[in-house]
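Participant: would you be able to build a 3D model of this:
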Amino acid sequence: MFVMQNAPMPVPAIGELEVSSVHVDRAANQIDFDLQLWDAGDHFEGFIEYCGDLFDPATVRRMWTQLERLLDAAVTDPQTRISQLPLLDEATLELTVSGWNDTATPAPEGCLHDLFAEQVAAGPDRPRCTSPDAR
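Facilitator: Numbers count the residues shown, from 1 in each chain. Okay, here's the model as predicted:
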């Protein structure tokens with residue numbers, strides 16, 4: 001859940017009673033991930049609550065960093081299309097695009113029927129897959 005409270009929130013006046021807001025930590029998260037922000041004049045304040053069974057602190061920090069990067073880029077160049085705004089830093093982008101996709105494997109040499117025969121010869125007693133319909 002994302003909550004952005006940017007409407008004025010005047011402090012209620014109740015006679016001479018002084019009223020202020022207090023953040024209360026709940027014993028359990030009511031939802032899996034909750035980011036709440038509010039306007040504090042010249043900056044925003046907020047908090048993140050998340051289910052520790054689903055997210056670890058490093059993941060939440062990474063998501064926060066990505067949000068900061070996205071917002072910073074949007075403010076720096078408001079004419080940038082949303083689809084062009086960056087989420088990842090250069091190192092993470094390189095790892096994601098190139099590092100994890102570096103899966104090139106040399107193709108085995110030879111004809112398919114010869115490669116098949118090699119596999120059969122390497123394990124002639126291995127069980128064969130049979131379909132229930134092949135009875």
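
Participant: so what's the closest residue to Ala73 other than its chain neighbours up against?
Facilitator: Excluding the flanking residues, the one nearest Ala73 by C-beta to C-beta, 6 or more residues apart in numbering is Leu85, at 4.9 Å. For the C-beta atoms, the positions are set from N, CA and C on the backbone; glycine is no exception. The contact partners of Leu85, taken as C-beta atoms under 8 Å, 6 or more residues apart in numbering, are Leu70, Ala73, Ala74.

Participant: make a markdown table out of those residues and add distance to Val97, secondary structure and pLDDT.
Facilitator: Listed next are those as a markdown table, based on distance: C-beta to C-beta, whole Å; DSSP: H, G, I helix; E, B strand; the rest coil; pLDDT from 0 to 100:
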| residue | distance to Val97 | secondary structure | pLDDT |
| --- | --- | --- | --- |
| Leu70 | 18 | helix | 92 |
| Ala73 | 18 | helix | 94 |
| Ala74 | 22 | helix | 94 |
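
Participant: identify, from the residues you listed, the entry nearest to Thr103.
Facilitator: Checking the contacts of Leu85 against Thr103 with C-beta to C-beta, the nearest one is Leu70 at 28.8 Å.

Participant: wait, the closest one sits on Leu87?
Facilitator: Yes. Counting by C-beta atoms under 8 Å, Leu87 is a contact partner of Leu70 at 5.7 Å.

Participant: in the protein, which spans are helices?
Facilitator: Along the chain, counting by DSSP state H, helices occupy 57-76, 90-94, 112-122.

Participant: so which elements touch the longest one?
Facilitator: It refers to helix 57-76. On a contact count with 3 or more C-beta pairs under 8 Å, 6 or more residues apart in numbering; DSSP states H and E, helix 57-76 meets strand 44-50.

Participant: and the strand it packs on, which strands flank it?
Facilitator: strand 33-39 (antiparallel) (DSSP bridges).

Participant: in the partner strand, what's buried?
Facilitator: Neighbour counts over strand 33-39 (16 or more other C-beta atoms under 10 Å) mark Asp34, Leu35, Leu37 as buried.
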